[in-house]
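# A structural model of the following input is requested.
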Amino acid sequence: MKGWQKHCFSSCITLGLFGICLPVFAASSQGWGKVSMYGEIVDTACAIETGSRDQTIDMGIISLATLKQLGKAPPKEFHIQLVDCRLESYLPHKNEWQTFDVTFDGPSNGDFFTVSGEAKGVQLALRDEYGTTVLAGKPLPRREISPDKMTLNYELQLVTDNHQLKSGSYQTLLRFKIDYY
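As a prediction, the model looks like this:
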């Protein structure tokens, strides 16, 4: 028991001294700050521009009357900018890149992406610039890589899903990936 008391006493003294010294350490760090950074090194044909990686698309406000009458809202465009595109790989024994495809994923039902929130009776249609309907988890047709910079154009559209409409906010999260060949 005496060993435990001795250990506890020395720990209490150590903690007590640390508590006394803590304000001294805090005062000396007032002019200091911290910068964190992160990044990634990849071997791909193109890089995704920073502003294209994480986007929030404001779908706007639409009335229930318009949705009942038209069955859809006006489409909203968004873009994915590919930069620093090159055809050669830095990996040995790897052929040049020629094509790529894009795959979107997220909560879905059939040909549409589903939404969550207070709003009911709606879903999202997603199409590429050629009018191809984007299906969750299915790659879009392959496209050729253009050197330097490319812009991929897409269109989101809120559409009714044949359930009773209810007003309110809604949201969803779609992810995309690009595979090079």
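# what about the residue nearest to the spatial centre of the chain, distance to D101?
Central residue of the chain (CA atoms, centre = their mean): D54, 4.3 Å from the mean position. As judged by CB to CB, to the nearest Å, D54 and D101 stand 21 Å apart. In this view, the C-beta of every residue, glycine as well, is placed from N, C-alpha and C.
# repeat that for L87.
From L87 to D101 the distance is 16 Å (CB to CB).
# repeat that for A125.
In terms of CB to CB, A125 sits 20 Å off from D101.
# and G51, what element?
If you go by DSSP states H and E, G51 is part of helix 50-53.
# check contacts around the residue nearest to the centre of the chain.
D54 makes contact with no residue, according to CB atoms under 8 Å, 6 or more residues apart in numbering.
# confidence score at it?
Confidence at D54, expressed as pLDDT, is 93.
# cool, N162 as well?
So, for N162, pLDDT stands at 88.
# equivalent analysis for D148, please.
The model's pLDDT for D148 equals 79.
# next, count neighbours for it.
Using other CB atoms under 10 Å, D148 is surrounded by 10 other residues.
# how far does stretch 35-43 sit from the chain's center?
Offset of stretch 35-43 from its chain centre (CA atoms, centre = their mean, to the nearest Å): 16 Å.
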